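A.B. asks: Sequence isn't available, so here's the structure alone:
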């Protein structure tokens, strides 16, 4: 567990305070003996990549339990994401912590509010996109999962328009492309082009460069969906 201890000591920082700190303290306490815990520095500096990992694990646990059952497909989604983003060794250790967190009740409102205080907006958008991925892991998004994600989005300070935009990337309907660009189907061609330019800036992977390459790779998926939505509208309208 040495790698996990290093992650805690160097990566969580602010997460040891507030509801995230309580939850992660439970998980860590279940994995380390007292002598190991005493080796962890108490005056940890804040690092943004650690903030994201802490939030991923805690909110992943909340999402996986949202509909009253933890599905294998959801666990596989989270596992694959962690392996892809952080490597096999780190993923194994993160998953051990996740399985322990699944035993706890997650105070979602408090956790999301803490994330709002310490995480930049672009990172919060990326986190919301990830949670929708968990919800759709079994190809069926339960009403409880939708309600939970909308609650998390609200308390993380995500605007309704941005929340609806990300939702439209996973819950398709005849207006999904317009919802992704945050415009109405009645928008003019110039408004469509303007909306695309604005969304391309908002969701550009470079917005999360400060979190490292592993998070940037995931952000590229969302940016791709924005481009696909624009191309779909252009094709429907015959735009060049």
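C.D. replies: Okay, I see it. Note that the structure is predicted; figures quoted are calculated from it, not measured. Numbers count the residues shown, from 1 in each chain.

A.B. asks: okay, CA-based contacts and neighbour counts for the rest of this
C.D. replies: Will do.

A.B. asks: Dead centre of this structure: give me the residue that sits there.
C.D. replies: residue 127 (1.8 Å; CA atoms, centre = their mean).

A.B. asks: Give me the helices and strands touching the helix or strand it falls within, please.
C.D. replies: Secondary structure assignment for residue 127, by DSSP states H and E: helix 121-135. If you count contacts as 3 or more CA pairs under 8 Å, 6 or more residues apart in numbering; DSSP states H and E, helix 121-135 packs onto helix 48-64, helix 72-86, helix 143-155, helix 160-168, helix 213-237.

A.B. asks: Mind telling me which of those the model trusts least?
C.D. replies: Across the helices and strands packed on helix 121-135, helix 48-64 has the smallest mean pLDDT, namely a mean of 77.

A.B. asks: And that one, how far out from the chain middle?
C.D. replies: 7 Å (CA atoms, centre = their mean, to the nearest Å).

A.B. asks: Which residue, other than its chain neighbours, is closest to residue 83?
C.D. replies: For residue 83, ignoring the flanking residues on the chain, the nearest one in space by CA to CA, 6 or more residues apart in numbering is residue 91 at 5.2 Å.

A.B. asks: Quick check: which element contains the one you found?
C.D. replies: Assessed by DSSP H and E, residue 91 sits inside helix 88-101.

A.B. asks: Pull out the buried positions in that helix.
C.D. replies: Across helix 88-101, burial judged by 16 or more other CA atoms under 10 Å covers 90, 91, 92, 93, 94, 95, 97, 98, 100, 101.

A.B. asks: Mean confidence (pLDDT) on it, please.
C.D. replies: Average pLDDT, helix 88-101: 86.

A.B. asks: so that helix versus helix 48-64, what angle?
C.D. replies: With axes from the mean of the first three to the mean of the last three CA atoms, to 10 degrees applied, the angle from helix 88-101 to helix 48-64 works out at 50 degrees.

A.B. asks: Quick one: list the elements packing against the next helix-or-strand element following helix 88-101.
C.D. replies: Downstream of helix 88-101, the first helix or strand assigned by DSSP H and E is helix 108-118. With contacts taken as 3+ CA pairs under 8 Å, 6+ apart, helix 108-118 sits against helix 18-29, helix 48-64, helix 143-155.

A.B. asks: Residue 200 and residue 181: what is the separation?
C.D. replies: 9 Å (CA to CA, to the nearest Å).

A.B. asks: Of these two, give the one with the bigger neighbour count.
C.D. replies: Legend: neighbour count by other CA atoms under 10 Å for residue 200 and residue 181, higher for residue 181 (29 against 18).

A.B. asks: does residue 164 really touch residue 179, like I thought?
C.D. replies: Yes: the pair residue 164 / residue 179 is scored as a contact, 6.6 Å apart, by CA atoms under 8 Å.

A.B. asks: between these two, which one's more packed in?
C.D. replies: Using other CA under 10 Å, the more surrounded residue of residue 164 and residue 179 is residue 179, with 23 against 19.

A.B. asks: list the contacts for the residue nearest to residue 83?
C.D. replies: With contacts defined as CA atoms under 8 Å, 6 or more residues apart in numbering, the neighbours of residue 91 are 79, 82, 83.

A.B. asks: How about residue 232?
C.D. replies: Contacts here follow CA under 8 Å, 6+ apart; on that basis residue 232 touches residue 177.

A.B. asks: at 7 Å what do you get?
C.D. replies: Going by CA atoms under 7 Å, 6 or more residues apart in numbering, residue 232 touches no other residue.
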